[in-house]
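K.L.:
below is the structure, and that's it, no one-letter string:
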């Protein structure tokens, strides 16, 4: 019985399927990105990624094992020479599948499977994303003390709240113009300035 | 071998088939060029996916 055997046969007999996957794996390694159907790409992912992991350990044995899967010496040398270096820091997840819409003719869902480290557009923009998130974190830290200060000083500083919200620079002027405030309030305002700086 | 005793009437057949429906494709707009794009696919107009340039050449698309 085939209970729980979640394995896509791709409508082929084992020999046919293995031959197709080894061809696809070799061409993925040589060309870095190939266009196929989503089902084949998912099957290929399961086939190639262990081979790429294997390529990190460059020994004669691992080369032979990989060759038995790829059956293409040019692909093997490419994998062990170039790809294994690029991929060295990545703990798995070497491939990316991007859906491209449906194929004319049989309406099959097409996709592009590529090696993650060879798509420089996607790599470069990952770093910028991290920076953006840091800025958000800083903004939050400046916002929180303001809210606390306004709640502490209550009625007298209601007038100040509006300029505070608009711009930080307006704060000190507004405080100076007001008649002598209590000592505790002054301390609060000093703390605010420190936080702002 | 067991066989159906009665022919399924047209009414019964059609009632059963009222639940066979085509579903709508989920569509959204591309964040880069504003074209209508199928969910979870690269934009066919500009090659962007999730705000990043995924595919430069149009040959691939």
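P.N.:
Cool, the structure landed. What you see is a predicted model, and the numbers here were worked out from it, not measured in a lab.
K.L.:
so where's the chain shaky on pLDDT?
P.N.:
If you meant another chain, say so; for now it's chain A. Where chain A drops to pLDDT under 70, the residues are A:124-197.
K.L.:
the chain in question should be chain B.
P.N.:
Scanning chain B for pLDDT under 70 picks out the ranges B:57-61.
K.L.:
let's see it at 80
P.N.:
In the predicted model of chain B, residues B:51, B:54-61 satisfy pLDDT under 80.
K.L.:
all strands of it, in order?
P.N.:
B:27-29, B:36-38, B:48-49, B:52-53 (DSSP state E).
K.L.:
list the buried ones in the second one?
P.N.:
Meaning strand B:36-38. B:37, B:38 (16 or more other Cβ atoms under 10 Å in any protein chain shown). Where C-beta positions appear, they are placed from N, C-alpha and C, glycine not excepted.
K.L.:
what packs against that strand?
P.N.:
strand B:27-29 (3 or more Cβ pairs under 8 Å, 6 or more residues apart in numbering or on different chains; DSSP states H and E).
K.L.:
does chain A have contacts with the strand it packs on?
P.N.:
No. Strand B:27-29 stays clear of chain A (Cβ under 8 Å from any Cβ of the partner chain), getting no nearer than 11.9 Å.
K.L.:
what's in contact with that strand?
P.N.:
B:35, B:36, B:37, B:38, B:39 (Cβ atoms under 8 Å, 6 or more residues apart in numbering or on different chains).
K.L.:
domains in chain A, by residue range?
P.N.:
Recorded structural domains for chain A (assignment: automatic domain parsing) are A:14-120, A:146-196.
K.L.:
got the end-to-end distance for the first one?
P.N.:
Here the two ends of domain A:14-120 are set 36 Å apart, with distance taken as Cα to Cα, to the nearest Å.
K.L.:
stretch B:18-26 too?
P.N.:
22 Å.
K.L.:
so which bits of chain A are right by chain B?
P.N.:
With Cβ under 8 Å from any Cβ as the criterion, chain A comes near chain B at residues A:33, A:35, A:98, A:99, A:100, A:101, A:112, A:119, A:121, A:122, A:125.
K.L.:
quick one: buried ones out of those residues?
P.N.:
A:33, A:35, A:98, A:99, A:100, A:101, A:112, A:119, A:122.
K.L.:
which single one of the residues you listed is nearest to chain B?
P.N.:
Nearest to chain B, judged by Cβ to the nearest Cβ, of those is residue A:99 at 4.3 Å.
K.L.:
so that closest one, which of the three states?
P.N.:
strand (DSSP: H, G, I helix; E, B strand; the rest coil).
K.L.:
can you show me the helices along chain A?
P.N.:
Along chain A, the segments classed as helices by DSSP state H run A:14-31, A:38-55, A:60-70, A:73-78, A:84-86, A:120-153, A:158-166, A:170-177, A:183-196.
K.L.:
so what's residue A:1 up against?
P.N.:
For residue A:1, counting by Cβ under 8 Å, 6+ apart, there are no contacting residues.
K.L.:
and residue A:42, what does it touch?
P.N.:
Residue A:42 touches A:8, A:97, counting by Cβ under 8 Å, 6+ apart.
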